[in-house]
Every structure is written in C-alpha cells, then in structure tokens.
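> mind looking at a prediction? Sequence and model below.
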Amino acid sequence: MTAIDLEHLESATFGDRALKREVLRLFSGQVANLVAIIGSANAETRSAAAHTLKGAALGIGAFELAKAAESVELGEADALARLLQRAADARSEADQLAA
C-alpha cells in the first residue's frame with residue numbers, strides 16, 4: 001500500500017508533471033510544519049492544525065493520513081502516534097515522487 005493515491009494525485013494535478021512536483025514539495029513542507037504544531041500545541045490549536053492537515057492530505061490523495069488527522073482533530077486518545085507515522089510515510093513518498 002502506498003501513502004498517496006497516485007491516480008487521485010494525477011487527476012488533481014491534471015497530469016502535469018511539473019505541477020505534481022510542486023504540489024508534492026508544498027505538501028511535504030506543510031506536513032512538516034503542521035506536525036510540529038500538532039505535537040506542541042494546546043487542544044484547540046492541535047485540532048485546527050489537524051483539520052488543515054486533513055484537507056491537505058485529501059487534496060493529494062493521502063487518505064490514510066487524512067483519517068489519522070481527523071482522529072487527532074476529534075481528540076481521540078491514541079491518534080497522535082498514528083498521525084505521526086502516516087505523516088512520515090506520506091512525506092517520504094511525496095519527497096520521492098517530487099524528486
């Protein structure tokens with residue numbers, strides 16, 4: 001299983017290779033920033049950052065990351081560890097695809 005649905009990503013970037021690379025680079029940076037916020041914020045800020053991350057993940061087809069972000073957004077107790085793993089997987093794949 002991949003962290004990013006490549007068909008969704010291809011559709012979202014209209015098959016434009018340069019656009020896909022740029023979107024993936026932006027996504028990777030956004031994930032890094034949002035994970036840092038989520039890891040150190042109060043509950044309200046964590047929830048807002050998780051919501052933003054969920055939207056970014058859905059936009060490129062990182063559906064498992066989006067689910068994990070939603071769990072954090074809703075305040076589920078064990079969700080943070082799952083989010084961190086899914087975020088690392090999605091960033092790694094995004095970075096590889098953008099190279």
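Structure's in. What do you need? Note that the structure is a prediction, hence the values are computed from the model and not measured.
> what's next to stretch 13-26, contact-wise?
Residues external to stretch 13-26 that are found in contact with it (CB atoms under 8 Å, 6 or more residues apart in numbering): 9-10, 12, 59-60, 94-95, 97-98. To be clear about C-beta, it is placed using only N, CA and C from the backbone, and glycine gets the same treatment.
> any chance of these in JSON lines, plus distance to Ala88 and pLDDT?
JSON lines is the format used below for the contacts of stretch 13-26 (distance: CB to CB, whole Å; pLDDT from 0 to 100):
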{"residue": "Leu9", "distance to Ala88": "18", "pLDDT": "97"}
{"residue": "Glu10", "distance to Ala88": "23", "pLDDT": "96"}
{"residue": "Ala12", "distance to Ala88": "22", "pLDDT": "95"}
{"residue": "Gly59", "distance to Ala88": "19", "pLDDT": "96"}
{"residue": "Ile60", "distance to Ala88": "16", "pLDDT": "96"}
{"residue": "Ala94", "distance to Ala88": "11", "pLDDT": "97"}
{"residue": "Asp95", "distance to Ala88": "11", "pLDDT": "96"}
{"residue": "Leu97", "distance to Ala88": "15", "pLDDT": "95"}
{"residue": "Ala98", "distance to Ala88": "16", "pLDDT": "95"}
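> stretch 59-79: end-to-end distance?
Stretch 59-79 has an end-to-end distance of 21 Å (criterion: CA to CA, to the nearest Å).
> now the element after the helix or strand containing Leu24, going C-ward?
Secondary structure assignment for Leu24, by DSSP states H and E: helix 17-40. Stepping forward along the backbone from helix 17-40, the first helix or strand reached (DSSP H and E) is helix 43-60.
> how far out from the middle of the chain is that following helix?
The chain centroid and the centroid of helix 43-60 are separated by 8 Å, computed with CA atoms, centre = their mean, to the nearest Å.
> same for that helix, what does it pack against?
In this structure, helix 43-60 makes packing contacts with helix 6-12, helix 17-40, helix 63-73, helix 79-98, judged by 3 or more CB pairs under 8 Å, 6 or more residues apart in numbering; DSSP states H and E.
> return the most buried member of those helices.
The highest mean neighbour count among the helices and strands packed on helix 43-60 belongs to helix 63-73 (a mean of 21), with neighbours defined as mean count of other CB atoms under 10 Å.
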